[in-house]
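In: Quick one: sequence plus predicted model below, questions after.
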Amino acid sequence: MRTSAIVVPEPRPSPAGAVDRADLDVLAEQLRRPPRGVRAVAHRCPAGHPNVVTTGPRLEDGTPFPTLYYITCPRLAGAVGTLEASGLMREMSERLRTDGDLAAAYAAAHEGYLREREAIEVVPETSGISAGGMPHRVKCLHVLVAHALAKGPGVNPLGDEAVLLLGEWWQGTPCASAPGS
């Protein structure tokens, strides 16, 4: 298991359901397109910018969208992409096959994800499907990191590991100069 003693910024969630015009403008700039299905800002960088949003289970046009938590910050998405390219997902998937405790914790993350999404809306097309490969494999670290940042440590064990491995990804960016970072 790869771990580190890197300090991770505290989650800075918005009040439940709060997405203001300024956040939507930042999201559009980050995504280089209008944001879709945004219900709330689930996590913010040290400077207070949104970097993970909660999305609805179905987009405005009716398209099912199983990804409840979505990374919007291009710097964070790039850092996660670098982790994906390292072979970490394959290593994590193998550990799920050999570590019963890890597999059980990851399955619990999957079940919690499903419950939370279905509390918003039940979408038959995605019934039983969470995201990121849960509960049996790791196929998208972006989703696992978004989940871990949105929910905080202790909910998604592989998301937590990936967040630790990211280190202080915001350093060298405008987010690094924020008070308290």
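Out: Good, I have the coordinates. Numbers count the residues shown, from 1 in each chain.

In: what's the first-to-last distance across stretch 65-74?
Out: Chord length of stretch 65-74, first to last residue, is 20 Å (Cα to Cα, to the nearest Å).

In: now that stretch, how far from the chain's geometric center?
Out: 6 Å (Cα atoms, centre = their mean, to the nearest Å).

In: pretty sure G133 contacts H142?
Out: No: shown here, G133 and H142 do not form a contact pair, counting by Cβ atoms under 8 Å, at 11.2 Å. No exception for glycine: its C-beta is placed from N, CA and C like everyone else's.

In: Give the buried residues for stretch 65-81.
Out: The neighbour-count check on stretch 65-81 (16 or more other Cβ atoms under 10 Å) flags 65-73, 75-77, 79-80 as buried.

In: to the chain's geometric centre, what's the distance from that stretch?
Out: That offset, for stretch 65-81, works out to 6 Å (Cα atoms, centre = their mean).

In: what does stretch 140-157 give?
Out: Averaging C-alpha positions (Cα atoms, centre = their mean) puts stretch 140-157 5 Å from its chain's average.

In: Got the confidence number for the closest residue to E125 other than its chain neighbours?
Out: Closest residue in space to E125, ignoring its immediate chain neighbours: P64 at 4.3 Å, by Cβ to Cβ, 6 or more residues apart in numbering. Looking at P64, its pLDDT is 95.

In: Could you do the one 4 residues further on as well?
Out: L68 carries a pLDDT value of 96.

In: who touches it in this structure?
Out: Going by Cβ atoms under 8 Å, 6 or more residues apart in numbering, L68 touches T54, T55, P57, Y113, E116, R117, I120, A131, H147.

In: Does the third one touch Y69 like I think?
Out: No: here P57 lies out of contact with Y69, judged by Cβ under 8 Å, at a distance of 11.9 Å.

In: Tell me where this structure is predicted with low confidence.
Out: Within the chain, the ranges that satisfy pLDDT under 70 run 1-18, 174-181.

In: can you pull the contacts of G37?
Out: Listed by Cβ under 8 Å, 6+ apart, the contact partners of G37 are T55, G56, R58, L59, E60, F65.

In: how about 7 Å then?
Out: Neighbouring residues of G37 by Cβ atoms under 7 Å, 6 or more residues apart in numbering: T55, G56, L59, E60, F65.

In: With Y70 instead?
Out: V52, V53, T55, A146.

In: just the helices in this protein please.
Out: In the chain, the helices defined using DSSP state H lie at 21-31, 74-85, 88-98, 100-120, 141-151, 157-166.

In: Name the stretch among the ones you listed that sits most buried.
Out: Most buried of these by mean neighbour count (mean count of other Cβ atoms under 10 Å) is helix 141-151; its value is a mean of 27.

In: Centroid-nearest residue for the chain?
Out: The centre of the chain sits closest to A146, judged by Cα atoms, centre = their mean, with a distance of 0.7 Å.
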